[in-house]
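Undergrad: Got a predicted model here, sequence first, then my questions.
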Amino acid sequence: MNFDELKKQWNNQSSDEVKIDLDLEKLKSANTILAKVRTRVKIDFVGYLLVSMLFIVLGFLDWFEKSSVEKLSMIMLIIQFIVFGILCYRRFYYFYRSSSPKNISTKENLIKIFYELKFAIDTYKIAIFTVVPLGFLYIVFIKPNDNIDEIIRFFDELFRQPFILIIFIVLTSISIIIFWFCISIPINITYKPYVKQINQILNQLEEE
């Protein structure tokens, strides 16, 4: 083997070592970002538990003075909180478990963690969008004597006037869109910057 061949082999080895070092540096950066996300998830989960416990305590303060319908409505509302927690934090738990530092060793693992995080965020949005309106519906039934008769009269008048019904449908559709944005904006502000940073690291790893 002549000198030129030895020099070429040495250069190839040096390039491989540099690439490995760069990959490790990027994976280390991703680990730092994911540690921040894990901390954010823990804070949100603790907040959810505190709000749930407060809501349950307030709901049972005058339990024996409530009617059967009010009790049923309160129980269903508590179930909604539990369902919300299961839907949201089950996915975040999968992300939390898979994003531990020992699992961030390859690009393939980082890709899997990236999609776990995106799926958890989307599930978070959908769960809030589904649970909150149902929660409002149950709250209506907590005071049935005050609310149900008025709601029945409102819809009875509504269906007698097609033009007003169309306006009601349009306004309801707009309200749903606005509600979706109101849900998405705070979640995006909290989690989307981390998703973008991880995506940038993955793109850099793909380019090398």
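TA: Happy to help now that I have it.
Undergrad: C-alpha from now on. contacts and neighbour counts both.
TA: Fine.
Undergrad: so where's this protein shaky on pLDDT?
TA: Scanning the chain for pLDDT under 70 picks out 1-23, 69, 134-152, 155, 158, 207-208.
Undergrad: name the element the spatially most central residue of the chain belongs to?
TA: Among the residues of the chain, residue 124 comes closest to the average C-alpha position under Cα atoms, centre = their mean, at 2.6 Å. Per DSSP states H and E: residue 124 is located in helix 107-140.
Undergrad: May I see the buried residues of that helix?
TA: 107, 110, 113-114, 116-118, 120-121, 123-129, 131, 135, 138-140 (16 or more other Cα atoms under 10 Å).
Undergrad: next one: stretch 200-208
TA: Within stretch 200-208, the residues scored as buried using 16+ other Cα under 10 Å are 201, 202.
Undergrad: ok now that stretch, how far from the chain's centre?
TA: 25 Å (Cα atoms, centre = their mean, to the nearest Å).
Undergrad: before we move on, back to that, show me what the helix holding residue 124 is packed against.
TA: In this structure, helix 107-140 packs against helix 68-98, helix 162-207, with contacts taken as 3 or more Cα pairs under 8 Å, 6 or more residues apart in numbering; DSSP states H and E.
Undergrad: Of those helices, which stretch is the most buried?
TA: Of all the helices and strands packed on helix 107-140, helix 68-98 has the most neighbours on average by mean count of other Cα atoms under 10 Å, namely a mean of 18.
Undergrad: gap between that one and the chain center?
TA: 13 Å.
Undergrad: Run the angle between that helix and helix 107-140 for me.
TA: Interaxial angle, helix 68-98 versus helix 107-140 (axes from the mean of the first three to the mean of the last three Cα atoms, to 10 degrees): 170 degrees.
Undergrad: and helix 68-98, what other elements does it pack with?
TA: If contacts are counted by 3+ Cα pairs under 8 Å, 6+ apart, helix 68-98 sits against helix 3-59, helix 107-140.
Undergrad: so what's the closest residue in space to residue 105 that isn't next to it in sequence up against?
TA: Spatial nearest neighbour of residue 105, excluding adjacent residues (Cα to Cα, 6 or more residues apart in numbering): residue 27 at 7.0 Å. Contact analysis of residue 27 by Cα atoms under 8 Å, 6 or more residues apart in numbering lists 104, 105, 106, 107, 110, 201.
Undergrad: Can you lay out these as TSV showing distance to residue 172?
TA: Shown next, in TSV, are those (distance: Cα to Cα, whole Å):
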residue	distance to residue 172
104	45
105	48
106	47
107	45
110	41
201	41
